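>>> Take a look and give me a structure for this.
(2 chains)
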There are 2 protein chains.
Amino acid sequence: MSELRLLAEKLDAADELAPLRDRFVLDDVVYLDGNSLGALPAHVPGRVEDVVRRQWGELRIRSWEESGWWTAPERIGDRIAPLVGAAPGQIVVGDSTSVNVFKALVAAARMAGEDRTEILVDATTFPTDGYIAESAARLTGRTLRAVTPAEVPGLLGGRTAAVLLNHVDYRTGRLHDLPGLTAAVHAAGALAVWDLCHSAGALPVGLDEHGVDLAVGCTYKYLNGGPGSPAYLYVRGALQDRFDSPLPGWNSHADPFGMSPAYAPAPGAARGRVGTPDILSMLALEAALEVWDGVSLTAVRAKSLALTDFFLRCVAEYTGPGRTECVTPGRHEERGSQIALRCPDAGEVMKRLVERGVVGDFRHPDVLRFGFTPLYVGFRDTERAARILAEVLA
Amino acid sequence: MSELRLLAEKLDAADELAPLRDRFVLDDVVYLDGNSLGALPAHVPGRVEDVVRRQWGELRIRSWEESGWWTAPERIGDRIAPLVGAAPGQIVVGDSTSVNVFKALVAAARMAGEDRTEILVDATTFPTDGYIAESAARLTGRTLRAVTPAEVPGLLGGRTAAVLLNHVDYRTGRLHDLPGLTAAVHAAGALAVWDLCHSAGALPVGLDEHGVDLAVGCTYKYLNGGPGSPAYLYVRGALQDRFDSPLPGWNSHADPFGMSPAYAPAPGAARGRVGTPDILSMLALEAALEVWDGVSLTAVRAKSLALTDFFLRCVAEYTGPGRTECVTPGRHEERGSQIALRCPDAGEVMKRLVERGVVGDFRHPDVLRFGFTPLYVGFRDTERAARILAEVLA
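Sure, this is the predicted structure:
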């Protein structure tokens, strides 16, 4: 057995998070795509069955109260809160990430005031954020400027209303400086809106600690909520009373069952709700979040960095130089929980990897993405992925 | 046995739709709240289990292609289409009704052009439509005017951009004249947007036939999609190329996996998509729609009217005059599939009814709502509900 395989065994044996793997349904595949769709937590099917058969099938309409359906968006928001460093009462779950980006950016522009005429958007971000930012700018009469995160500090000024940034770049896996950029945005009197899709559940975020104004994120990656599970919206407590939603659906009304023709926004996180929440997806997510019980995000982050370091070492040793180029930063403080390797025939390479039981994904035009989810990926998995990658590339 | 009970038995025996009840999970309760949350179709739990255990748990990310997750919004839209009288390719499923009202109204205002400065909204509609219309008007620089449907023809003019109407009033069960009002809106050069929440699955709608421009609806009432199942958006084929969404998420991009920083809208119904669809809720809905296989909406409508007629007759006979006031129109062409009775202590009365196994709902301040879902409610159920109502009221 190679030195790296022996080392992997040793690292797995010493890994305090290794037992968490049993909380998931997994097989022989090395699943490095949890940054796209998290694996199924083992207890979720039974919980979903209860929601369908008993809560819907037997209790029917009574479940809106008796099964806690109505309060699920805030309750699940409070379950996500500690994972992103937020005190309770600031996160609400529902809608897609895109819809939440829209709510957050329009509300941020309104809070910033009419004289702040420009929205900055991370041009390296997942495209949907840019598309939605364009729409939010158009509808609120602002101009939109697409910039790299590094350019942000130099472009902030008295006309800046809000800045939408991605915590971890979906392609390269680059982790941006949330504390530093948020502070810079605040120094200019603007609002900082962060997209946490690729960081929540992979590393500590510290929303409250760093004074982030608004944040959104999906729940189907590192939070394992299931395909298309609802996203969430964070509005800092101090800003909630000024949160003026562009989607003031009846679920965000102060008295939703009063059925008043006049809109009056609810206090607190519920103000970010819109329409009737999709209960099946939402309660699957709630169940999935139980895998985090007793898990330290510091330990998750440490293992994540150890895994990506180890993967890079194995790739370097097995593949040799030149065949791929790593576009993920080497410095820990700039790295999320994925490794992105550029190679010219990436699409074909990923197909072969999947055939051989190593599941990552391909991102146009030439990127192999490997996501490392510390809750269920180990060091032997990592070594095996690098070894098979080398064989495929050879 | 009373004459009405004998009649109910006779009507049930002659009811060609009666066997459809076996397609649902039901018990001894008389469930007259299918206009709020449809009952569970019997085959849905097994299908949801397959989605969770096999599609998510085993195939994981591969299911986006292999299990048809990616194309679900359009595919399920095409499954709903015949139920609302639409040819394929015009309906997309996803998001809540409120979010779809927003898409439809902003897009309608944009299609109408800048010189059309007013949006009319049905003031008798479910409040969320009014709240969202207010936001759409504010963001597109239009004024909003809340009017009754009857007032609409007299208020249309060259400044009217769009009119948002509810096909069936959620409180009174009044059915509005969709063909006539749509024609009047068109004669004024404006766009007609219909909310079908309380009509789809209860009666023929005829979207294509009557030239409706845009429509939205939920799927958890008469379509039995499950709690908070995703809503749908109809955009008439001829208007699709001009549909300019205020929520242009990556799912609506012409090449969503091209990850281009520039937005280019997809052709067809997909243009109404936003973010990643919530697959569990969506595929539960898809399964639920199979109960419509071979069901004629004409037969559903005929039974619906027979049920509500029969209920009114039983209430009149058992309760006598004066104790309740029916606010649902007597004329068939003005009646949806529910009966709303006003009585001063409606909240308390509904509680007692529920305790005695008759489930309707209470709408503020004084309305008892009884929804008649022809797929699983029969005439004996109807007679029993009226009988117990009389006992509770006595």
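>>> Now do the residue of the stretch 51-200 of chain A found nearest chain B: how many residues are near it, please.
Using Cβ to the nearest Cβ, the closest approach of the stretch 51-200 of chain A to chain B is made by A:Ser96 at 2.8 Å. Any C-beta I mention is one placed from the backbone N, CA and C, and that applies to glycine too. Using other Cβ atoms under 10 Å in any protein chain shown, A:Ser96 has 28 neighbouring residues.
>>> With A:Leu178 instead?
Using other Cβ under 10 Å, A:Leu178 has 23 other residues around it.
>>> show me where pLDDT drops low in chain A?
Within chain A, the stretches with pLDDT under 70 are A:1.
>>> Identify the single longest helix in it, thanks.
Selection of the longest helix in chain A by residue count, based on DSSP state H, yields helix A:297-319.
>>> Which secondary structure elements does the helix or strand that that one is followed by sit against?
Next in sequence after helix A:297-319, counting helices and strands by DSSP states H and E, comes strand A:325-326. Other elements packing on strand A:325-326 under the criterion 3 or more Cβ pairs under 8 Å, 6 or more residues apart in numbering or on different chains; DSSP states H and E are strand A:338-342.
>>> Which residue ranges make up the domains of chain A?
Per automatic domain parsing, the structural domains of chain A span A:3-17+A:295-393, A:47-292.
>>> List the contacts of A:Arg363.
Applying Cβ atoms under 8 Å, 6 or more residues apart in numbering or on different chains, we find A:Arg363 in contact with A:Tyr170, A:Arg171, A:Ala340, A:Arg369, B:Met259.
>>> picking up where we left off before, contact partners for the residue of the stretch 51-200 of chain A closest to chain B?
A:Ser96 touches A:Cys218, A:Gly228, A:Pro230, A:Ala231, B:Asp95, B:Gly249, B:Val274, B:Gly275, B:Thr276, B:Pro277, B:Asp278, counting by Cβ under 8 Å, 6+ apart.
>>> so can I have a markdown table of those residues showing neighbour count?
Formatted as a markdown table, those follow (neighbours: other Cβ atoms under 10 Å in any protein chain shown):
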| residue | neighbour count |
| --- | --- |
| A:Cys218 | 25 |
| A:Gly228 | 28 |
| A:Pro230 | 31 |
| A:Ala231 | 28 |
| B:Asp95 | 33 |
| B:Gly249 | 27 |
| B:Val274 | 30 |
| B:Gly275 | 26 |
| B:Thr276 | 25 |
| B:Pro277 | 27 |
| B:Asp278 | 34 |
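>>> Is it correct that A:Ile381 is in contact with A:Asp28?
In this structure residue A:381 is Asp, not Ile. No: shown here, A:Asp381 and A:Asp28 do not form a contact pair, counting by Cβ atoms under 8 Å, at 10.0 Å.
>>> Which residue lies closest in space to A:Arg23, excluding its sequence neighbours?
With Cβ to Cβ, 6 or more residues apart in numbering or on different chains as the measure, A:Val291 is the residue that lies nearest to A:Arg23, at 4.6 Å, once sequence neighbours are left out.
>>> what's the neighbour count on that neighbour?
22.
>>> cool, and A:Gly46?
With other Cβ under 10 Å as criterion, A:Gly46 counts 12.
>>> wait, does the one helix or strand it maps to contact chain B?
Here A:Gly46, judged by DSSP H and E, is contained in helix A:44-50. Yes: using Cβ under 8 Å from any Cβ of the partner chain, helix A:44-50 comes into contact with chain B via A:Val44, A:Pro45, A:Val48, A:Glu49.
>>> And the helices in chain A?
Along chain A, the segments classed as helices by DSSP H run A:3-14, A:44-50, A:63-66, A:72-80, A:97-112, A:127-140, A:152-155, A:178-187, A:279-288, A:297-319, A:346-355, A:379-393.
>>> JSON lines for the ones you listed, including distance to B:Leu139?
Shown next, in JSON lines, are these (distance: least, Cβ to Cβ, whole Å):
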{"stretch": "helix A:3-14", "distance to B:Leu139": "53"}
{"stretch": "helix A:44-50", "distance to B:Leu139": "37"}
{"stretch": "helix A:63-66", "distance to B:Leu139": "31"}
{"stretch": "helix A:72-80", "distance to B:Leu139": "24"}
{"stretch": "helix A:97-112", "distance to B:Leu139": "8"}
{"stretch": "helix A:127-140", "distance to B:Leu139": "4"}
{"stretch": "helix A:152-155", "distance to B:Leu139": "26"}
{"stretch": "helix A:178-187", "distance to B:Leu139": "24"}
{"stretch": "helix A:279-288", "distance to B:Leu139": "27"}
{"stretch": "helix A:297-319", "distance to B:Leu139": "38"}
{"stretch": "helix A:346-355", "distance to B:Leu139": "40"}
{"stretch": "helix A:379-393", "distance to B:Leu139": "47"}
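>>> Can you say which of those helices is nearest to B:Phe310?
B:Phe310 sits nearest to helix A:63-66 of all the helices of chain A, at 28.8 Å, using Cβ to Cβ.
>>> how distant is the closest one from the center of its chain?
Remark: helix A:63-66 is offset 29 Å from the chain centroid, using Cα atoms, centre = their mean, to the nearest Å.
>>> For A:Arg369, list the residues it contacts.
A:Asp33, A:Asn35, A:Ser36, A:Arg171, A:Gly173, A:Gln338, A:Ile339, A:Ala340, A:Gly360, A:Asp361, A:Phe362, A:Arg363.
>>> what lines up beside the lengthiest strand in chain A in the sheet?
Ranked by residue count and defined by DSSP state E, the top strand of chain A is strand A:160-166. Paired strands of strand A:160-166, with direction, are strand A:118-122 (parallel), strand A:191-195 (parallel) (DSSP bridges).
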